[in-house]
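S.K.: Predicted model follows, preceded by the sequence.
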Amino acid sequence: MNPLKAISLKLLSTLMFALMGAQVRYLGGAYPVGEVAFFRALFALLPILAVFGWRGELRGALRTRRPLDHVLRGIFSIVGTFCTFGALARIPLADFTAIAFIAPLITVVFAALFLKEHVRAYRWTAVGIGFGGVIFMLQPHLGLQGELTTPVLVGLGFAFTNAMTAAGATIQIRRLTATETTASIVVFMTLLVMLFSLLTVGFGWRMPARTIELAALIGVGVSGGLGQMFFTESYRYAPASLLAPFDYSAMLWAFILGFALFAEVPTAPVLVGAVIVAGAGIFVVLRERLLGLKRRREMPIAPIAAVPDDGIAAQDSAVDADALTGRLPADRADGKMALTGVAGTG
């Protein structure tokens, strides 16, 4: 365990995802969403393949017992990616990031509905408070002081859809990790996004007009891929309960990049609402951590000789990552969960 290294990697991951969002925001709809998504997936493969290749995990990356479940996971990622890029072309970076914070709260709802997990009053209260924070954030758009234009309405719709697909991806990852490796989940997801986006080549794709735009398209993929790998790697060195609050550093990066690059200043309701949503999300994470420790205490202890070393390690990792991934071992964590609504790849 190395908390300082873990926190550093987590902060780097949120910075990379924020940089990805800023580059999409810079492109501003000048290129079709499908083309941007293709660059996102293609150039994300570079760091992904490099890391898994260095670890010797690529050999089994395309082996799977559950291809249809990977397709379902890919659908969440495809929809999330397209919605992320569509939203960032229409609403400020900070607004999009704040809305992405509700993904962990939606995961609680989905876990109760689809995984039949028992969710007690504490977490339902946190979910309700978090959604109240979202309504507070939207006050300028819904009240008399702001006009809900069509582009803003579409952008908000995309942002909320992205948050829902991020939660759906989390639920699907919970199912996949019973048999699948990190490499197979990440590589299949990236390939599916790339192949689907390639099908849109006939819908207005064009060669980048300027070198800086080509660099931004490539940067979208590289920064997204690096963010994904930094995210996954951070959970190798510290438990999720320690790292989860640092996901919300994404708001700080979004504010800095939005102001520095686009002169975007978050409104007071967005900042206050983001704090409310972040607080609710952190409460859910800490509550899940306590429940995970309780489950471990109640688990019957087998004789030492009957439990293989890797089983013990996997059990400890499962409890450590329980808060964000629902008993997802740290070595199988996937980079588009959590606030990768910020990442926008499901």
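M.R.: Good, I have the coordinates.
S.K.: taking the mean pLDDT, what do you get for stretch 45-63?
M.R.: Stretch 45-63 comes out with an average pLDDT of 85.
S.K.: What separation is there between residue 136 and residue 129?
M.R.: Distance of residue 136 to residue 129, computed by CB to CB, to the nearest Å: 10 Å. All C-beta spots, glycine's among them, are computed from the backbone N, C-alpha and C.
S.K.: So between the two, which is more surrounded?
M.R.: A direct count of neighbours by other CB atoms under 10 Å for residue 136 and residue 129 places residue 136 higher, at 18 against 15.
S.K.: Quick one: residues contacting residue 12.
M.R.: Contact analysis of residue 12 by CB atoms under 8 Å, 6 or more residues apart in numbering lists 226-227, 230.
S.K.: Distance check, residue 230 against residue 88.
M.R.: Here residue 230 is placed at a distance of 21 Å from residue 88 (CB to CB).
S.K.: who has more neighbours, those two?
M.R.: The residue with more neighbours, out of residue 230 and residue 88, is residue 88; 30 against 22, by other CB under 10 Å.
S.K.: gap between that one and residue 24?
M.R.: Shown here: residue 88 relative to residue 24, a distance of 4 Å by CB to CB.
S.K.: again with residue 17
M.R.: Here the criterion is CB to CB. By it, residue 17 lies 11 Å from residue 24.
S.K.: Looking at the two, which is more packed in?
M.R.: Comparing residue 17 with residue 24 by other CB under 10 Å, the one with more neighbours is residue 17, at 34 against 29.
S.K.: State the next helix or strand along the chain beyond the helix or strand the more buried one falls within.
M.R.: Using DSSP states H and E, residue 17 sits in helix 3-27. As assigned by DSSP H and E, the chain's next helix or strand after helix 3-27 is helix 33-55.
S.K.: quick one: buried residues of that following helix?
M.R.: Neighbour counts over helix 33-55 (16 or more other CB atoms under 10 Å) mark 33-45, 47-49, 51-52 as buried.
S.K.: That one: how far from the chain's middle?
M.R.: Put simply, helix 33-55 sits 16 Å off its chain's centre (CA atoms, centre = their mean, to the nearest Å).
S.K.: Which neighbouring elements make contact with that helix?
M.R.: Applying 3 or more CB pairs under 8 Å, 6 or more residues apart in numbering; DSSP states H and E, we find helix 33-55 packed against helix 3-27, helix 67-88, helix 182-198, helix 211-234.
S.K.: how about these, which one is nearest residue 263?
M.R.: Minimum separation from residue 263 across the helices and strands packed on helix 33-55 (CB to CB) falls at helix 3-27, 12.0 Å.
S.K.: tally of neighbours for residue 207?
M.R.: Burial of residue 207 is recorded as 8 neighbouring residues (other CB under 10 Å).
S.K.: Likewise for residue 178?
M.R.: Neighbours of residue 178 under the rule other CB under 10 Å: 11.
S.K.: again with residue 209
M.R.: 10.
S.K.: Could you measure from it over to residue 69?
M.R.: Per CB to CB, residue 209 is found 41 Å from residue 69.
S.K.: Same check on residue 13?
M.R.: 25 Å.
S.K.: Give me the more crowded residue out of those two.
M.R.: The neighbour count for residue 13 versus residue 69, taken as other CB under 10 Å, is higher for residue 13 (30 against 19).
S.K.: you'd agree that one is up against residue 231?
M.R.: Yes. At 4.0 Å, residue 13 counts as touching residue 231 under the criterion of CB atoms under 8 Å.
S.K.: Return, as residue ranges, the portions of the protein with sub-threshold pLDDT.
M.R.: 141-147, 240-241, 288-289, 291-346 (pLDDT under 70).
S.K.: if you set the cut-off to 50 instead, what comes out?
M.R.: Within the chain, the segments meeting pLDDT under 50 span 144-145, 301-346.
S.K.: Now do the buried residues in stretch 248-268.
M.R.: If you call a residue buried by 16+ other CB under 10 Å, then stretch 248-268 has these buried ones: 248-251, 253-255, 257-258, 264, 266-267.
S.K.: Among these, name the ones in helices.
M.R.: Among these, the members falling in helices (DSSP state H) are 249-251, 253-255, 257-258.
S.K.: which one among the residues you listed gets closest to residue 158?
M.R.: Nearest to residue 158 out of these is residue 254 (CB to CB; 16.1 Å).
S.K.: Thought residue 17 was touching that closest one, still the case?
M.R.: No. Using CB under 8 Å, residue 254 is not in contact with residue 17, being 9.5 Å away.
S.K.: Measure how buried the closest residue to residue 89 other than its chain neighbours is and give me the count.
M.R.: Nearest non-adjacent residue to residue 89, counting by CB to CB, 6 or more residues apart in numbering: residue 29, 3.8 Å away. Neighbourhood size, residue 29 [other CB under 10 Å]: 15.
S.K.: Got the phi and psi for residue 29?
M.R.: phi 80, psi 10 (degrees, to the nearest 10).
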